[in-house]
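1. sequence first, predicted coordinates after that:
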Amino acid sequence: MKDPKDSCVYILSAMKVSQFPTDCLPEVAFSGRSNVGKSSLLNLLTQQNGLAKVSKTPGKTRAVNFFDVGGEWRLVDLPGYGYAKRSKAESESWRNTIDAYLTERPNLVAVIQLIDSRHDPTALDLQMMEWLASSGKPTIIALTKVDKLGKNPRRTLPATFKKTWLEGLPWAVIATSATERTGRGELLAAIQAALSTHAA
């Protein structure tokens, strides 16, 4: 598997399904609520600070953004969910595009579901995790912003999260911090496992 730090480039932003790439490269998607740290984690994974635009304003990612990794696979940044200031029509349009990507995209091999480590999962987080579990999509839980926690909670959080929220699901749970640049190795290993299983 090509490491995204060596060969990741932005290729396109899609506002509708017809704009998705038409080839069959495997894709790993980033999902999470607005302002959970998706762009920051994407930049950590690729080691390119400006690759994904980081903003303190939630709801800035307004399209499905595709990033090519060495012509072998792609990272896909989905718009954050749960941002209330979007118009109803805009929210509906994005939701339809995201739903179509998650349910119909044959390229999708795994979803990295981001959860803010400082709080319990929101109702929308739980709804998303329930959908991922029922769909059978390989899923990696990335607990973001762990630098905001004390040492003890950080150490025990992945196991506690798995026991409390995942009910025996075989998903990897990884503590990450874009600020401290931690969790990258574990994320890459989990992505490699998903890509290898898909290729087998």
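-> Cool, got the structure. Numbers count the residues shown, from 1 in each chain.
2. for this protein, which spans come out with low pLDDT?
-> 52-62, 82-94, 200 (pLDDT under 70).
3. again, only this time at 50
-> 55-60 (pLDDT under 50).
4. pull the longest strand from this protein.
-> Using DSSP state E, we find that the single longest strand of the chain is strand 108-116.
5. centre of the chain to the next helix or strand after that one, how far?
-> As assigned by DSSP states H and E, the chain's next helix or strand after strand 108-116 is helix 123-135. In terms of Cα atoms, centre = their mean, to the nearest Å, the centre of helix 123-135 is found 13 Å from the chain centre.
6. just stretch 148-163 next, same as before
-> Worked out by Cα atoms, centre = their mean, stretch 148-163 lies 20 Å from the chain centre.
7. go through it and flag the buried ones.
-> Of all the residues in stretch 148-163, those buried under the rule 16 or more other Cβ atoms under 10 Å are L149, R154, L157, P158, F161, K162. C-betas here are computed from N, CA, C, even on glycine.
8. ok, now stretch 188-200?
-> Judged by neighbour count using 16+ other Cβ under 10 Å, the buried positions of stretch 188-200 are A190, I191, A194, L195, H198.
9. which helix or which strand is home to the residue nearest the centre of the chain?
-> Residue closest to the mean C-alpha point of the chain, counted by Cα atoms, centre = their mean, is F30 at 1.8 Å. Using DSSP H and E, F30 sits in strand 27-31.
10. who are the packing partners of that strand?
-> Counting contacts by 3 or more Cβ pairs under 8 Å, 6 or more residues apart in numbering; DSSP states H and E, strand 27-31 packs against helix 38-46, strand 73-77, helix 88-104, strand 108-116, helix 184-199.
11. listing partners with orientation, what would you give for that strand?
-> Strand 27-31 sits in its sheet next to strand 73-77 (parallel), strand 108-116 (parallel), going by DSSP bridges.
12. now the ones you listed in a markdown table, with mean neighbour count and distance to E130?
-> Conversion of the strands paired with strand 27-31 to a markdown table gives the following (neighbours: other Cβ atoms under 10 Å; distance: least, Cβ to Cβ, whole Å):
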| stretch | mean neighbour count | distance to E130 |
| --- | --- | --- |
| strand 73-77 | 23 | 21 |
| strand 108-116 | 23 | 11 |
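13. can I get the ones you listed in JSON lines including distance to S134?
-> Shown next, in JSON lines, are the strands paired with strand 27-31 (distance: least, Cβ to Cβ, whole Å):
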{"stretch": "strand 73-77", "distance to S134": "21"}
{"stretch": "strand 108-116", "distance to S134": "13"}
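14. wait, which of the ones you listed is closest to D6?
-> Ranking the strands paired with strand 27-31 by proximity to D6 (Cβ to Cβ) places strand 73-77 first, at 12.9 Å.
15. may I have that closest one as CSV, with CA atoms only?
-> Taking C-alpha atoms only, strand 73-77 is exported to CSV below (Å, rounded to 0.1, in the frame of the first residue of the first chain):
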residue,chain,number,x,y,z
TRP,A,73,-6.3,3.9,-3.7
ARG,A,74,-8.1,7.1,-2.6
LEU,A,75,-9.1,9.0,0.5
VAL,A,76,-12.5,10.5,0.4
ASP,A,77,-13.5,13.4,2.7
